[in-house]
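Turn this into a model:
(one chain, ligands or ions: 4)
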Amino acid sequence: MPLVTTKEMFQKAYDGQYAVGAFNVNNMEIIQGIVDAAKEENAPLILQVSAGARKYAKHVYLVKLVEAALEDTGLPIALHLDHGEDFEVCKSCIDGGFSSVMIDGSKHPFEENIAVTKKVVEYAHARGVVVEAELGRLAGVEDAVKVNAKDATYTDPDQAVEFVERTGVDSLAIAIGTSHGAYKFKGEPSLDFARLEKISKMLPNFPLVLHGASTVLPEFVAKCNEYGGEIPGAQGVPEDMLLRAGKLGVCKINIDTDLRLAMTASIREHFAKHPGDFDPRQYLKPAREAIKSMVKHKVKNVLNCSGRA
Ligand SMILES: O=C(CO)COP(=O)(O)O
Ligand SMILES: O=C[C@H](O)COP(=O)(O)O
Ligand SMILES: [Zn+2]
Ligand SMILES: [Zn+2]
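Ligands and ions are numbered 1, 2, ... in the order given. The predicted structure is shown next:
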């Protein structure tokens, strides 16, 4: 099966009130862990690549690995650019075989965000590629960009409607209190569900996207810390909140930090328990397994998209 866009998967997710997982990929083991899980669960899948990932692994390696995953699994998989920062990077991914791109104009004023998003939409749609945009700003770390909590702004529902109408974008990432990285909340986790409900009502049958949606699984944090890591106080979005979001028009849930934690916890444990090992396969194999079982858990219990491929 060739790459698919997110069009049909989002329509099914919207109607079925579940979400599709969008997982960030950086190398072969991460891709294999994710697709093996999706295959066993027969789940639709979005593999997403950040600018940092393209720099780390090179565009062509990631595209070829995802092509291999398509051939190996036969699953509907979308290949998506995560947080494209300008028209040029979006164009490069559209020309370079991606089926979906995100133009993240959220750092710009409203009118400029509309202008750049519109330009990407025109270029992408003419080539059969779909576009995600972002309105409102998440706190946390994105590549080299760190958005302080005070600069984060939640998405305005009226602006969201105007933005979607004027840009023709296919999906919209919204800010309701999630953030990137492993430290999402200082006290009790909370999201602005009233805002999400309002946006979702005002944009019926339109797919919303939730970034910064890792749950920061306590078992991985504990394991990292037990075996020499230092990530105290890490906290993510509770699973029940993600399930609730999936019933309110959120069709795509972005997960990167949980992949990083699963992999790192496994490798730390392996090094601590097997100090004599130095063949990378000895620690990358269990790390890939850790990703696979984490993703299976997400697909079944958090995204609710098992069996929907
Ligand atoms: O939103 C993300 C990628 O765009 C990832 O969010 P997390 O840091 O919560 O995994
Ligand atoms: O939103 C950010 C993703 O977690 C990607 O992170 P990265 O830019 O470090 O690859
Ligand atoms: Zn952003
Ligand atoms: Zn993001």
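
Measure how buried whichever residue of the stretch 51-200 of the chain sits closest to ligand 1 is and give me the count.
Taking CB to the nearest ligand atom as the measure, the stretch 51-200 of the chain has residue 180 as its residue closest to ligand 1, at 4.2 Å. Bear in mind the C-beta positions are built from the backbone N, C-alpha and C, glycine included. The tally of other residues near residue 180 (other CB atoms under 10 Å) stands at 23.

same check, this time on residue 225
Neighbour count for residue 225, taken as other CB under 10 Å: 15.

for the helix or strand encompassing it, packing partners?
Here residue 225, judged by DSSP states H and E, is contained in helix 218-226. When contacts are defined as 3 or more CB pairs under 8 Å, 6 or more residues apart in numbering; DSSP states H and E, helix 218-226 sits against helix 257-273.

Which positions within the helix it packs on qualify as buried?
Within helix 257-273, the residues that qualify as buried by neighbour count (16 or more other CB atoms under 10 Å) are 257-270.

following the helix holding residue 225, which helix or strand comes up?
Helix 218-226 is succeeded, C-terminally, by helix 239-246 (DSSP H and E).

what packs against that following helix?
Against helix 239-246 (3+ CB pairs under 8 Å, 6+ apart) you get helix 193-202, strand 250-255.

quick check: mean pLDDT across that helix?
Helix 239-246 comes out with an average pLDDT of 97.

Residue 300 should be in a strand, yeah?
No: counting by DSSP: H, G, I helix; E, B strand; the rest coil, one finds residue 300 to be helix, located in no strand.

Name the nearest residue to it, ignoring sequence neighbours.
residue 306 (5.0 Å; CB to CB, 6 or more residues apart in numbering).

quick one, what contacts that neighbour?
41-43, 299-300 (CB atoms under 8 Å, 6 or more residues apart in numbering).

go again using 6 Å as the cut-off
Applying CB atoms under 6 Å, 6 or more residues apart in numbering to residue 306 gives the contacts 41, 43, 299-300.

Ligand 3 next: which of those residues are close?
Among those, no residue sits close to ligand 3 (CB under 5 Å from the ion).

Write the ChimeraX selection for whichever of the residues you listed are buried.
To isolate in ChimeraX the members of the contacts of residue 306 that are buried, counting by 16+ other CB under 10 Å, one can use:
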select :41,43,299
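
Please render the contacts of residue 306 as a markdown table that adds pLDDT to the earlier fields.
Formatted as a markdown table, the contacts of residue 306 follow (pLDDT from 0 to 100):
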| residue | pLDDT |
| --- | --- |
| 41 | 98 |
| 43 | 97 |
| 299 | 98 |
| 300 | 97 |
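
isn't residue 50 right next to residue 80, touching?
No: assessed by CB atoms under 6 Å, residue 50 is found out of contact with residue 80, at 10.1 Å.

Looking at those two, which is more packed in?
residue 80 (28 against 19).

Spell out which parts of this structure neighbour ligand 3.
Residues of the chain lying near ligand 3 (CB under 5 Å from the ion): 104, 106, 134.

who's in contact with residue 234?
Counting by CB under 6 Å, 6+ apart, residue 234 has contacts 182-183, 216, 221.

do that again at 8 Å, thanks
182-183, 216, 221, 261 are the contacts of residue 234 under CB under 8 Å, 6+ apart.

Top of these by number of neighbours, please.
residue 261 (28 neighbours).

Please verify my assumption that that one contacts residue 217.
Yes: using CB atoms under 8 Å, residue 261 is in contact with residue 217, at 6.6 Å.

max-length strand in the chain?
Among the segments of the chain that qualify as a strand by DSSP state E, the longest is strand 77-84.

now that strand, how far from the centre of its chain.
From the chain centre to the centre of strand 77-84 is a distance of 9 Å (CA atoms, centre = their mean, to the nearest Å).
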